[in-house]
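# Mind folding the following:
(3 chains)
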Amino acid sequence: MKRTDAKKPKSAGGMHVRRSVFAYPYVVWMAVFIVAPMLLILYYAFTGDGGLTAGNILQAANWDNMRVLLDSVRFALYTTVLCLLLGYPVAYLLSQMKKATAALLSVFFIVPMWMNFLLRTYAWKVLLGAFSNMLYTESAVLLGMVYNFLPFMILPIYTTLIKLDRSYIEAAADLGANPTKTFLKVVLPLSMPGIISGITMVFIPSTTTFAISQLLGGGKTMLYGDLIYMKFITEQSWNAGSALSVILLVFVLISMTFMKKAERTTGDEGGGRLW
Amino acid sequence: MVTRLKKFFSGTYLGLMLVFLYAPILILIVFSFNQSKTLGNWTGFTFDWYAQLFRTPEITDALVVTLSVAAISSVVATVLGTLAAIGLHAMKRRDKLLLENISQLPMVNPDLVTGISLMLLFLFVGLKDGYTRLLIAHITFNLPYVIFSVLPKLRQSSDMLYEAALDLGCTPMQAIQKVVIPDIMPGIVSGLIMAFTLSLDDFVISFFAGNGVDNLSMYIYASARRGVNPALSTIIFVPVVTLLLIVNLKSIREERNAELQSSKVGMKR
Amino acid sequence: MKTLKKIVCLALALALSLSLFACGGGKTTLNVLNWGDYIDPELLRQFEDETGIKVKYTTMTSNEEMLVKLASPDNIYDVCFPSDYIIEKLVADDLLYAIDKSNIPNLSNIDPRFLDLSFDPGNTYSVPYMWGTVGILYNTTMVSDPVDSWNILWNEKYAGEILMYDSMRDTIGITLKKLGYDINTRNEADVLAAQEALIEQKPLVRAYLTDDIKMELINGSAAMGVVYSGDAVYCIEENPDLAYAVPMEGSNVWFDNIIIPKTSQHTAEAEAFINFLCDADVAAQNSEYIGYSTPNAAALAIMGPDYTDDPTYNPPQDVLDRCQIFEDLGDFVKVFSDAWTKVKAA
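From the prediction side, this is the model:
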């Protein structure tokens, strides 16, 4: 008895180091295939005319470009909010079902994405053109973006909600909480990690989509992805293109850090009360 | 009464969402039997596009590349990413935040930037083979999606489980395999599914990072200039859906059988 | 979670068998980079059967994207099909292989009008493949006015029914023509004038599109749009109400030529492929499949009056005389792209 007790702190202490070992293969991969290419982009962003310079960044950060960035962020925000509002109930309802039924139904929510993205968007064009006058408006772009990103919101929320024990909800009800209160105080805080992941996977990629706005928006608005394409490909100016990517990167990383801070505070409050 | 009303509303909501998701799919399936290549311009029924599909080696080659790259890259990314998430979760907050931020890079960078920067890297290290390049690129952009769908499950599960397993004499590997993985399985599955989906649809990264190997999305995107073979839309969709339905229906039946049996024995939960 | 295991096993088994199936064969492989569906696939099979050389056909979506790929020294492409102004740039950047014309006897089939053009004098590096013009495709049931000037795209009567091409070079180019300027102008004021004209036009425009202009016009969702002549041929076939015109102010005439990158390890096979494509029968079959105009005089003779008498497919010389070829703009392209950004963001 005493022996195991003596062993315990040691293994528990060593564990933290040990378990992080599992991330090492990924860290190597990341260093080679994510960090190294990013350094190349940084190199292009901060060099030009044979020397180090901040000129590319300063030039790229002009008012016209920043307006395009704001427009893209606006679209991405709308998309994220709509995906959350539409996707959360789906995830919640699925999580309340029997396991196998939910598995089948959740498959139904994913497989549309296995039809080619471009063709799906073309099909929306036909539908919108035939049954509405929405085609080539901002609403059409939003619809296309929500359509394509919705599963990326549903899945992470669904996977956190299935862990949710029904007994919590029952306990809250027994303690006199009405359904709204139960949802706000119990279900929502517990699904927060999934929500954060969903937001990450919808908001970040949607700031740089370009094909949807071209096809459904009729190319009438310029988004940040278009701008970067223009610099890299049309102008073949890698310095200008890299500078634009670096600006985007800084912007997104800052906003994600803010979100994580917010998560930590709400998470502590909500989760803390429950345990 | 209230529960029935609730059921009705939730059923209606899910139904409407499914209509939203499947409306364009239906259009594509219908028009794959259309004589004209142009979507929305119905000129008559034909099977020709399907026949042509399998007579064009460019398409069948691209299909082989698409499916094999999607399968291999999503599985590799799931294994690497799941282990990474387990490791990240156990790290100190500062290290974790740094690594998480870096992991987001492939999501933040526009596809074009990821593609071009990988192209430069491959040139630098002298990797010429197009298929390998494609695989590496796909694994790389799949990884963050796996990590960010496993991490919330880890946050939800208790660290005690792992520690208890160690106390009971498991090696760390055994503890991961027997205790942690089953606990976070739904996150792993959804990561795998998302990775597979993303890999199927990518064309921008594939064009730049690849080298002389086309996948289906690249082929479709490039063919749009002259009209895409409409049968292409259903080529992955139909077989995969069939496969999934078979697998899932079977597990539903199994679950129902198990329930029936347990209720017979009278051991309800 | 048995389900998952099954799926993963199935997927891996499938992937493994597929990748095994994908490799194989010791024949020389020719890596071709071309526009999507821009060659009759039957001709690829015919070439493989005749020569025993395997063709690996891959696709690109824009000239500039191809330029990025070709500029990378480790690209594996042996044959590409870029347009005129890109060839000019490729030559300037010393990225092309000088073709040995004694290996391409079928070059004599090409109409001399399409040889020795400004972007590649003496055809040292390129052989003509397809060509065409840029013009207005319109629905005769929806447009009553004569379509002979770019100004019709600025006519408020057709507000919301006009489709513009979502391509910087083409759209600024025709606007420069409308205003009476050089399509390759290096004068900033000209480009600014075009920018103003396009911003003024924007409220009338239904959409800026590329490939789906065809879909819209065939379906009758728009009255007129800017298209390439080869696409116009296809659209008119699908919807006989459509007609094509090259405005009197002039337009762009473009050439897609075949080139061999300097990095190619299979230049002899590449030349054999180019020679094959210049064969009269092959070129005729190819042009009929694609619908774009062939520069191959011998092929045109085989194809007959259906094609030669079609002014969309084979425009008379006076149309060509008022059209200009794009030149590589060099650094001046930044002025164009800034103007285009302003138009799109307006």
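# Could you report the neighbour count for residue 170?
Chain wasn't specified; assuming chain A. Using other CB atoms under 10 Å in any protein chain shown, the number of residues around A:Glu170 comes to 11. The C-beta positions use only the backbone N, C-alpha and C, and glycine is treated the same way.
# try chain C instead
C:Asp170: 21 neighbours (other CB under 10 Å).
# wait, doesn't it sit right on C:Ile213?
No. Assessed by CB atoms under 8 Å, C:Asp170 is found out of contact with C:Ile213, at 11.2 Å.
# Contacts only, for C:Val79.
Applying CB atoms under 8 Å, 6 or more residues apart in numbering or on different chains to C:Val79 gives the contacts C:30-34, C:258-260, C:264, C:270, C:273-274.
# Around the closest residue to chain C within the stretch 101-250 of chain B, count how many other residues there are.
Per CB to the nearest CB, the residue of the stretch 101-250 of chain B with the smallest distance to chain C is B:Ala222, at 3.1 Å. The number of residues packed near B:Ala222 is 24, by other CB under 10 Å.
# Are we agreed that it is in a strand?
No. Counting by DSSP: H, G, I helix; E, B strand; the rest coil, B:Ala222 falls outside a strand, being helix.
# just to revisit the earlier point, residues shared between the contacts of C:Asp170 and C:Ile213?
C:Val226.
# Please enumerate the strands of the stretch 51-200 of chain A.
A:51-52 (DSSP state E, counting those that start in this stretch).
# quick one, helices of it?
A:55-60, A:63-95, A:99-110, A:117-131, A:138-161, A:166-174, A:179-182, A:188-190, A:192-206 (DSSP state H, counting those that start in this stretch).
# Just put those helices in TSV and tack on distance to chain C and mean pLDDT.
Shown next, in TSV, are the helices of the stretch 51-200 of chain A (distance: least, CB to the nearest CB, whole Å; pLDDT from 0 to 100):
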stretch	distance to chain C	mean pLDDT
helix A:55-60	11	93
helix A:63-95	6	94
helix A:99-110	7	83
helix A:117-131	6	89
helix A:138-161	10	94
helix A:166-174	21	81
helix A:179-182	30	86
helix A:188-190	22	88
helix A:192-206	19	93
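# Excluding chain neighbours, what is closest to residue 73?
Because you didn't say which chain, this covers chain A. Once flanking residues are discounted, A:Val73 sits nearest to A:Thr207: 6.1 Å by CB to CB, 6 or more residues apart in numbering or on different chains.
# that's the other chain; I wanted chain B
That would be B:His138: by CB to CB, 6+ apart, it lies 3.6 Å from B:Ser73.
# what's near enough to touch that neighbour?
B:His138 touches B:69-70, B:73, B:77, B:199, B:202, B:205-206, counting by CB under 8 Å, 6+ apart.
# Please identify which pair of the residues you listed lies farthest apart.
Largest separation among the contacts of B:His138 by CB to CB: B:Ala77 and B:Ser206, giving 15.1 Å.
# C:Ala268 is in contact with C:Ile99, correct?
No. Using CB under 8 Å, C:Ile99 makes no contact with C:Ala268, being 11.1 Å away.
# the more surrounded of those two?
With neighbours defined as other CB under 10 Å, C:Ile99 and C:Ala268 compare such that C:Ile99 has more, 21 against 12.
# In terms of pLDDT, where does the more buried one sit?
Per-residue confidence at C:Ile99 stands at 97 (pLDDT).
# would it count as being in a strand?
No. Assignment of C:Ile99 by three-state DSSP gives coil, placing it outside any strand.
# how about the residues of the stretch 1-150 of chain B near chain C?
B:36, B:38-41, B:56-58, B:61, B:64-65, B:67-68, B:71-72, B:74-75, B:116, B:119, B:122-123, B:126, B:128, B:130-131 (CB under 8 Å from any CB of the partner chain).
# quick one: B:Gly191 and B:Ser149 touch, right?
Yes. B:Gly191 lies in contact with B:Ser149 (CB under 8 Å); the separation is 4.0 Å.
# For the host helix or strand of C:Asn275, C-alpha coordinates in CSV please.
Using DSSP states H and E, C:Asn275 sits within helix C:267-277. What follows is helix C:267-277, C-alpha atoms only, in CSV (Å, rounded to 0.1, in the frame of the first residue of the first chain):
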residue,chain,number,x,y,z
THR,C,267,12.1,17.2,-76.1
ALA,C,268,12.1,14.7,-79.0
GLU,C,269,8.9,13.2,-77.8
ALA,C,270,7.4,16.6,-77.2
GLU,C,271,8.3,17.6,-80.7
ALA,C,272,6.7,14.4,-82.0
PHE,C,273,3.5,15.3,-80.1
ILE,C,274,3.5,18.9,-81.6
ASN,C,275,4.0,17.5,-85.1
PHE,C,276,1.1,15.1,-84.5
LEU,C,277,-1.2,18.0,-83.4
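# elements contacting the helix or strand B:Leu53 falls within?
If you go by DSSP H and E, B:Leu53 is part of helix B:48-55. If contacts are counted by 3 or more CB pairs under 8 Å, 6 or more residues apart in numbering or on different chains; DSSP states H and E, helix B:48-55 sits against helix B:57-89.
# and the residue of the stretch 201-346 of chain C found nearest chain B, how many residues sit next to it?
Residue of the stretch 201-346 of chain C nearest chain B, by CB to the nearest CB: C:Asp211 (4.4 Å). By other CB under 10 Å, 19 other residues sit near C:Asp211.
# can you check the one 3 residues further on too?
Around C:Lys214 sit 28 other residues, with neighbours defined as other CB under 10 Å.
# List of residues touching the strand or helix carrying it?
Following DSSP H and E, one finds C:Lys214 within helix C:212-219. Residues outside helix C:212-219 that contact it (CB under 8 Å, 6+ apart) are A:122, A:125, A:129, A:215, B:36, B:38-41, B:224, B:227, C:137, C:139, C:163, C:165, C:206-207, C:209, C:222, C:224-227, C:231, C:234-235, C:238-239, C:242.
# could you point out which element follows the helix or strand harbouring C:Leu192?
Counting by DSSP H and E, the element that carries C:Leu192 is helix C:188-201. Sequence order places strand C:205-209 as the next helix or strand after helix C:188-201, per DSSP H and E.
# Give me the local confidence score for A:Thr209.
85.
# Count the residues that sit near the closest residue to B:Ala85 other than its chain neighbours.
Nearest-residue entry for B:Ala85: B:Val150, 3.8 Å, with adjacent residues in sequence omitted and distances by CB to CB, 6+ apart. Residues lying near B:Val150 (other CB under 10 Å) number 31.
# got it, and the one 5 residues further on?
The tally of other residues near B:Arg155 (other CB under 10 Å) stands at 20.
# Show the pLDDT at it.
87.
# Need phi/psi at A:Leu135.
Dihedral pair for A:Leu135: phi -60, psi 140, per degrees, to the nearest 10.
# Please list all residues in contact with it.
A:125, A:128-129, A:216, A:218.
# so where do the helices sit in the stretch 101-250 of chain B?
Using DSSP H, counting those that start in this stretch, helices in the stretch 101-250 of chain B cover B:111-125, B:130-156, B:159-167, B:172-175, B:181-201, B:204-209, B:216-223, B:234-265.
# Using TSV, lay out those helices together with distance to C:Thr124.
What follows is the helices of the stretch 101-250 of chain B, written out as TSV (distance: least, CB to CB, whole Å):
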stretch	distance to C:Thr124
helix B:111-125	27
helix B:130-156	29
helix B:159-167	69
helix B:172-175	64
helix B:181-201	41
helix B:204-209	29
helix B:216-223	28
helix B:234-265	43
